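# structure of the sequence below:
(one chain, ligands or ions: 2)
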Amino acid sequence: DEAIQISDMAHQMGVKASRLIRTLWGMGMRNITINNAVDVETAELVAAEFGYTIENVSFQEDEFIGAYEDEGELRAPVVTIMGHVDHGKTTLLDHIRKSQVAGGEAGGITQHIGAYRVETDQGPVVFIDTPGHEAFGAMRSRGAAVTDIVVLIVAADDGVMPTTREAIAHAKEAEVPIVVAINKIDKPDSNVGRVEQMLMKEGLVGEKFGGETTIAHISAKTGEGVNELLESLAVQAEVLELRAPVEGPAAGTVIESRVDKGRGTVATVLVQAGELHKGDIVVANEFSGKVRGLYTPAGKKVKNALPSTPVELLGLDGAPPAGERFHVVDSEKDARQIVSHRREQRRRKESVLSGPSLLERIKSKK
Ligand code: GTP
Ligand code: MG
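Ligands and ions are numbered 1, 2, ... in the order given. The predicted structure follows:
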């Protein structure tokens, strides 16, 4: 029977082997170590925990590994802005982009994730904005998964709130460093000291208190402190030494997708490896298509996109869910094969899920 090495699996999914092992322990497989292999069925279950499916198309999926290698060229950091509703995430991003997104949003509430590549004085940075509204936990979780650094915004007049705590948990879960921005320091009722105390209770201890967390004091409205925040991000990014291969077929993650009446499926994707071109054949989840057009989030037409670039991709035959991976394949025939394989896998999984208790099955394997 086929077996899958724990180390290979961790590598393919871009998660630490220790996390994978802990998950297997949690499923009752207590004797598993990094040197072991698991059968395909177990691998499918644990992969599903991380939002992946195991596929018998290794010749294609292998090319995907590149996205998580520490080799290749230096790339721009991907920074996700998180925090409680109305604490100023979109306003900060606006200030950095010098545009006016927050003012144009329905009710001033971010409805979806926006991704932008911004040239700062400290170099290019990809920013991802997330909604702070409680209903969008899954989006924040997906945001954390593509992120190199989380900027946690906490309003100085409000402090640590439920979504702040949830964002901290997502960042820790994804093992992503957090840079804190205490925002709205221009407001007369702001109380930075109180917020710092609250953050300490969450395990985020500022450098001036002997801890390791960078805490910037900013006003997204006036711009005070924003440069210092950008400098902290540049320092963090340098420490992480982020790299990605720039050659070869592109791979990355779907940030959001929608069906537009005039343009068809519009998927905002983040390229994480290789170079994406107009004309490429792309597979994402159970959808595929030839790239008809690539646009920057600002609407500018481009011919190609390198790692750490968000682009709008036109040409998929359906809207893949946010957080799904995409990759470029050699031909439309390959794309069809992969898609039908994935559909088959899903159907099989659905029938398994409706069968006897999963946990029972895993436990009885011991
Ligand atoms: P959601 O997307 O709904 O989670 O909110 P958000 O975190 O993106 O907050 P947003 O940027 O929309 O800001 C909410 C309100 O706070 C707006 O009215 C902003 O003008 C205001 N605001 C944001 N930053 C500051 C600041 O530094 N100072 C002051 N005085 N107001 C701010
Ligand atoms: Mg917002």
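
# every contact and neighbour count from this point should use C-alpha atoms.
Fine.

# what residue is smack in the middle of the chain?
For the chain, the residue whose C-alpha lies nearest the mean C-alpha position (CA atoms, centre = their mean) is residue 146; its distance is 2.2 Å.

# which residues does the residue nearest to residue 40 when sequence neighbours are not counted form a beta bridge with?
Setting aside the residues directly before and after it, residue 40 is nearest to residue 3 in space (CA to CA, 6 or more residues apart in numbering), at 6.0 Å. In this structure, residue 3 bridges to residue 39 when assessed by DSSP bridges.

# for residue 3, which residues are in contact?
Under the criterion of CA atoms under 8 Å, 6 or more residues apart in numbering, the neighbours of residue 3 are 37-40.

# picking that back up, hang on, isn't the residue nearest to the centre of the chain packed against residue 78?
Yes: in terms of CA atoms under 8 Å, residue 146 counts as a neighbour of residue 78; the distance is 7.4 Å.

# got phi/psi on the residue nearest to residue 72 when sequence neighbours are not counted?
Leaving aside its chain neighbours, residue 72 sits nearest to residue 245 (4.1 Å; criterion: CA to CA, 6+ apart). The main-chain torsion angles of residue 245 are listed as degrees, to the nearest 10 and equal phi -70, psi 140.

# how many other residues sit next to residue 245?
Neighbourhood size, residue 245 [other CA atoms under 10 Å]: 23.

# so it sits against residue 273, correct?
Yes: taking contact to mean CA under 8 Å, the distance of 5.4 Å between residue 245 and residue 273 places them in contact.

# if you rank every helix and strand of the chain by mean pLDDT, what lands last?
helix 58-61 (a mean of 42; mean pLDDT, DSSP states H and E).

# neighbouring strands for the helix or strand that comes right after that one, and are they parallel or not?
Sequence order places strand 73-74 as the next helix or strand after helix 58-61, per DSSP states H and E. On the basis of DSSP bridges, the sheet neighbours of strand 73-74 come out as strand 243-244 (antiparallel).

# surely residue 280 and residue 288 touch.
No: shown here, residue 280 and residue 288 do not form a contact pair, counting by CA under 8 Å, at 10.5 Å.

# would you mind measuring from residue 313 to residue 130?
20 Å (CA to CA, to the nearest Å).

# can you show me the strands along the stretch 151-300 of the chain?
Along the stretch 151-300 of the chain, the stretches classed as strands by DSSP state E, counting those that start in this stretch are 178-183, 215-217, 243-244, 251-260, 264-273, 276-277, 281-284, 287-290, 293-295.

# quick check: phi and psi on the residue in the chain sticking out farthest from the centre?
With distances taken from the mean C-alpha point of the chain and given as CA atoms, centre = their mean, the most distant residue is residue 188, at 35.5 Å. Recorded main-chain torsions at residue 188 are phi -60, psi -30, according to degrees, to the nearest 10.

# quick one on the thing from earlier: higher neighbour count, residue 313 and residue 130?
Here residue 313 and residue 130 are compared on neighbour count by other CA under 10 Å; more neighbours surround residue 130, at 28 against 25.

# pLDDT at the more buried one, what is it?
At residue 130, the pLDDT value in this model is 84.

# same thing with residue 339?
Reported pLDDT at residue 339 in the predicted model: 89.

# pull the distance from the one helix or strand residue 344 maps to to the chain's centre.
Using DSSP H and E, residue 344 sits in helix 332-353. Between the mean C-alpha point of helix 332-353 and the mean C-alpha point of its chain there is a distance of 24 Å (CA atoms, centre = their mean, to the nearest Å).

# kindly export that helix (C-alpha atoms) in PDB.
What follows is helix 332-353 as a C-alpha-only set of coordinates in PDB (Å, rounded to 0.1, in the frame of the first residue of the first chain):
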ATOM      1  CA  GLU A 332      -5.900  22.100 -20.700                       C
ATOM      2  CA  LYS A 333      -5.900  18.300 -20.600                       C
ATOM      3  CA  ASP A 334      -3.800  18.300 -17.400                       C
ATOM      4  CA  ALA A 335      -6.200  20.800 -15.900                       C
ATOM      5  CA  ARG A 336      -9.200  18.700 -16.800                       C
ATOM      6  CA  GLN A 337      -7.600  15.600 -15.200                       C
ATOM      7  CA  ILE A 338      -6.700  17.400 -12.000                       C
ATOM      8  CA  VAL A 339     -10.200  18.900 -11.700                       C
ATOM      9  CA  SER A 340     -12.000  15.600 -12.300                       C
ATOM     10  CA  HIS A 341      -9.600  13.900  -9.800                       C
ATOM     11  CA  ARG A 342     -10.400  16.500  -7.200                       C
ATOM     12  CA  ARG A 343     -14.100  16.200  -7.700                       C
ATOM     13  CA  GLU A 344     -13.800  12.400  -7.400                       C
ATOM     14  CA  GLN A 345     -11.800  12.900  -4.100                       C
ATOM     15  CA  ARG A 346     -14.400  15.200  -2.700                       C
ATOM     16  CA  ARG A 347     -17.200  12.800  -3.500                       C
ATOM     17  CA  ARG A 348     -15.400  10.000  -1.900                       C
ATOM     18  CA  LYS A 349     -14.700  12.100   1.200                       C
ATOM     19  CA  GLU A 350     -18.300  13.200   1.400                       C
ATOM     20  CA  SER A 351     -19.400   9.600   1.400                       C
ATOM     21  CA  VAL A 352     -16.800   8.800   4.000                       C
ATOM     22  CA  LEU A 353     -18.000  11.700   6.100                       C
END
